[in-house]
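Student: here's my sequence, what's the structure:
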Amino acid sequence: MQHNDVPAGTARPAPTEPSDEPLPIWFFVGLILAVYGAILIAAAFFCDVPDRVVPVTNTPAGLWWGALLAAFGLVQVALGLRGRRR
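Tutor: The predicted model follows:
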């Protein structure tokens, strides 16, 4: 019997079941980035800084950076959760 073989009569867990492994570091990195992005988006809406706008769209730069951070953070959270299911 090889190392990867399951003994007879033992059921393998379904691949969609959560494992007992801890969450990967990318989940927490993504969570922090998503929170920072949300803070930047909120600050862009509630703080009036007229000299820092994106000329093409006339929107606050913090809004764009916040959206970018939040999107990247959510992708990392999804990848972290996906990696845990495997």
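
Student: tell me which helix or strand in this structure has the weakest average pLDDT.
Tutor: strand 53-54 (a mean of 74; mean pLDDT, DSSP states H and E).

Student: hmm, who's touching it?
Tutor: Thr59, Pro60, Ala61, Trp64 (Cβ atoms under 8 Å, 6 or more residues apart in numbering). Placement of C-beta: from N, CA and C, glycine included.

Student: how about stretch 67-74 as PDB, C-alpha atoms only?
Tutor: Output of stretch 67-74 as PDB, limited to C-alpha atoms (Å, rounded to 0.1, in the frame of the first residue of the first chain):
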ATOM      1  CA  ALA A  67     -11.900  50.100  -4.700                       C
ATOM      2  CA  LEU A  68      -8.600  48.600  -6.000                       C
ATOM      3  CA  LEU A  69      -7.600  47.500  -2.500                       C
ATOM      4  CA  ALA A  70     -11.000  46.100  -1.600                       C
ATOM      5  CA  ALA A  71     -11.300  44.200  -4.900                       C
ATOM      6  CA  PHE A  72      -7.800  42.700  -4.500                       C
ATOM      7  CA  GLY A  73      -8.500  41.900  -0.900                       C
ATOM      8  CA  LEU A  74     -11.700  40.100  -1.800                       C
END
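
Student: so which residues of this structure form strands?
Tutor: For the chain, strands defined by DSSP state E occupy the ranges 53-54, 59-60.

Student: in its sheet, what does the first one sit against?
Tutor: Think strand 53-54. Based on DSSP bridges, the pairing partners of strand 53-54 within the sheet are strand 59-60 (antiparallel).
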